[in-house]
Each structure stands twice: as structure tokens, then as C-alpha cells.
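# Whatever this is, show me its structure:
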Amino acid sequence: DPAVAAALETPQPGDLLVLTKPLGTGVLAFAEQIGRGDPDALAASEASMATLNRAAAEAMVESGASACTDVTGFGLFGHLIRLMRQHRLTARVFAESLPSLPGAVKALRDGIIPGAIERNREYVGEDMVVMDGVDEALIHLGFDAQTSGGLLIAVPEARLERLFQSFAAKGATGFVIGRIDGQSSGQIIVEKAPNVALNSADRANRGKTETTSDQLAAESHAGCCAEVFGPNAAIEAQRSALAESQRAFGALMRSVASPGALSEKTKELILFSLVLQSRCGPCFDAHYKAAQEMGITRDELDEAAWCAIAMGGAPVKMFYTESLARLRDDGKKSCCT
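Residues are numbered from 1 along each chain as shown. Alright, predicted model coming up:
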């Protein structure tokens, strides 16, 4: 409906920002790719991705929201800055109110940082200001690229209670994560937390920003088959689908790394070069070790690295130098402690 679409393009200063799904699908998928995944965290991620945005969208329209954007590959902050630039507004986000999938923030604190996070951060650039005391892992979470992410809704504070009532009636979820402050060229200010609870709906959500896999699985199947199979069957079906996805992904990775038209060694050098392009620390460690175990020499790795540097420039060169230095330091600690 063009009229409905037009009505959702009018964010205003004072509007509250509501996110309908927890963040973290990108980092959890990446953790699995590099062998550091967690089955329960992946189950939660799978359940979140399987949850449609239809119920939340219907609640948003019924409640008279001002604006909306989906949260996908650009991450929360990337999609939010596009909205703020378009309407020349400033958004204030409360980092500790960002909802996360179980295990996502821990993975980020452990240094599992997908390349998409850095690219999304570059896209936002200097249009984001991070205040003192904000956990860097929560900044990474805001830049995490989402698959089948939720909706980011701007809603007048007077209509927030109605929005949350509609969410509850339709089986959707919502988290107040910030507000729109005022006019600017387009900016995001990230604070640790609001000075006071915004309202009763926000207080209800505070402290529940990490969602369990069982909750998400039940929500994603609610209204479909629960009356026939019960919630436990829905959860088991979700876990079964996850296990199949993991097996398929493992088969793909083994196929990619196996000898074919290219030798196994050549493929590893190509993968090593791609890892440098992505500037992923855990990936570098895994592929550097694999290359050594295959008998690939340092000169060969350097040559592959220079191919990546030729395409990616100084940031790739700095990443390679720093990664080698870190491995040397780690080696000294392990041998001399």
C-alpha cells in the first residue's frame, strides 16, 4: 500500500527506536566456519532466522509507527545511519540495550570478528560517535551483518505501549534500543545506557537482551504447528534442521579444500590470500597453521600475501605484519612460561 509505505518514511525527533530481533547471526555463522561454533548458539540463530517479520510489521502499522527499515547485511548501525542521513537526523543508541543471540557477544569479546563488521564500520565512518564506557564488543554487535534480521522501528513514545501490546498479541518481540534526538547531517551517538528507564515497556525488556534458543524456536513456530505437535516438537525440528545445515556446510568446506583441477596446496595458498583480504584474525591463525602442516614455506606464504596486499593495500599489509608478530609473541609465551 503506497499510503502505508509513505507513512513509514517520517521519523521525527523524540521517536523511540525499537528492534524486533536479537543481533548476532553473522558472528555466530562465522564462528562455525572457523571451527569455534557452539550448537546451542547456532540453534538460537537458526530459530531467529526462521522467524518471519510479518507479525512485527502488522503490529507496527497498527500502532502508527513513524518509520521502519529492515536490518540485514549492513548491520544495525549501517541501516540506521542510512535512515538518519536520508532524513538528516541524529539517533542515540544505548549499547547495553542491544539484544543479542546467546554466545554472540562472547564470541566478539573472544576476537571472532567477521570481515563484514569492519566493512560496515567503514560505511558508517565518522558519522558515529561512541561515548566513554561503551563495550567494544557491543559496537561490533551493532555492525554485525544479519541474515533474515529483524525490523528497526521508529515510533512516537506515546504509541510505544500500544506497539508492545500488539507485539504481545501477535507473538512478536521488541526491544527499545534508543531514540531520535534532533536534526543533523545524519549521525549516530552510542551511549552505554540511558540515564533513566524510558518507560514501562523498556524496563520490562531491560535485562532480557540475550534470548535463548528454546524461546526463539518456540516463537518461530508459534501459531503454525504447536497445537498439533507441541512446543518441544517445534524445537526438536529446529535443531534437526540446524544439524543438517551443519553437515551440509562441513561437506562444502571439505569439497572446497580438496584437490581437483587445483592442487590442495594451491587451494590453501588461495584461501590464505583471501583470509588476508578479509583481515580475520582467527581465520589467519587457522590457515597459517594448516599451511605449515602441509609443508608450505614462508616464502610461498609471503608471495600469496603480496597478492592480497596488491588488491587490498596498506590495511592488508598492516594486518599481515601484525598477525605474524602476534604469532611470534604467542610462540614465545608458550615455550618460555
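# where does the stretch 201-337 of the chain have low pLDDT?
Across the stretch 201-337 of the chain, the ranges flagged by pLDDT under 70 are 201-258, 330-337.
# Now do the helices in it.
213-221, 226-229, 231-257, 264-278, 281-293, 298-312, 314-336 (DSSP state H, counting those that start in this stretch).
# same check, this time on the stretch 51-200 of the chain
54-63, 75-87, 104-109, 115-124, 136-143, 160-170, 200-205.
# For A325, find the nearest of those helices.
Minimum separation from A325 across those (C-beta to C-beta) falls at helix 115-124, 19.5 Å. Placement of C-beta: from N, CA and C, glycine included.
# show me what contacts the closest residue in space to G64 that isn't next to it in sequence?
Spatially, and ignoring its direct neighbours in sequence, G64 is nearest to R159 (5.1 Å; C-beta to C-beta, 6 or more residues apart in numbering). By C-beta atoms under 8 Å, 6 or more residues apart in numbering, the contact list for R159 reads S63, G64, A65.
# and the closest residue to the first one other than its chain neighbours, how many neighbours does it have?
I take that to be S63. Counting by C-beta to C-beta, 6+ apart, S63 lies nearest to L163, which is 3.9 Å off, once chain neighbours are set aside. Number of residues near L163 (other C-beta atoms under 10 Å) recorded here: 25.
# how close does L163 sit to S184?
As judged by C-beta to C-beta, to the nearest Å, L163 and S184 stand 25 Å apart.
# can you check A145 too?
Separation of A145 from S184 (C-beta to C-beta): 25 Å.
# for G75, same thing?
Distance from G75 to S184, by C-beta to C-beta: 20 Å.
# Pick out whichever of the two has more residues nearby.
G75 (27 against 16).
# what's near enough to touch the more buried one?
Counting by C-beta under 8 Å, 6+ apart, the residues that G75 touches are L23, G26, A116, I117, N120, G142, F143, D144, A145, Q146.
# going on from the helix or strand where the second one lies, what's the next piece of helix or strand?
Which is G26. Applying DSSP states H and E as the criterion places G26 in helix 25-33. Downstream of helix 25-33, the next assigned helix or strand under DSSP H and E is helix 39-50.
# from the middle of its chain, how far away would that next one be?
Going by C-alpha atoms, centre = their mean, to the nearest Å, the spacing between the C-alpha centre of helix 39-50 and its chain's C-alpha centre is 13 Å.
# Now do that helix against helix 25-33, angle only.
Helix 39-50 runs at 140 degrees relative to helix 25-33, counting by axes from the mean of the first three to the mean of the last three C-alpha atoms, to 10 degrees.
# Return the set of buried residues in helix 39-50.
With burial defined by 16 or more other C-beta atoms under 10 Å, the residues of helix 39-50 counted as buried are A41, L42, A43, A44, S45, E46, A47, S48, M49, A50.
# Which strands or helices does that helix pack on?
Contact here means 3 or more C-beta pairs under 8 Å, 6 or more residues apart in numbering; DSSP states H and E; on that basis helix 39-50 packs against helix 25-33, helix 213-221, helix 231-257.
# Need the worst-confidence member of the contacts of G75.
Here the lowest pLDDT out of the contacts of G75 sits on A116, with 89.
# right, and it touches A145 too?
Yes: A116 is in contact with A145 according to C-beta atoms under 8 Å; the separation is 3.9 Å.
# Quickly list what's touching both of those two.
Here A116 and A145 have G26, G73, G75 as joint contacts, going by C-beta under 8 Å, 6+ apart.
# and the last one, how far is that from E9?
G75 sits 21 Å away from E9, taking C-beta to C-beta as the criterion.
# Just give me the residue closest to the centre of this protein.
Note on the chain: the residue nearest the mean C-alpha position is D144, at 2.9 Å, using C-alpha atoms, centre = their mean.
# what sits against that residue?
23-27, 75-76, 104, 108, 114, 116-117, 120 are the contacts of D144 under C-beta under 8 Å, 6+ apart.
# Name the nearest residue to it, ignoring sequence neighbours.
In this structure, D144 finds its nearest non-sequential neighbour in G26, 4.3 Å apart by C-beta to C-beta, 6+ apart.
# wouldn't that neighbour be in contact with G115 here?
No: the pair G26 / G115 is not scored as a contact, 10.0 Å apart, by C-beta under 8 Å.
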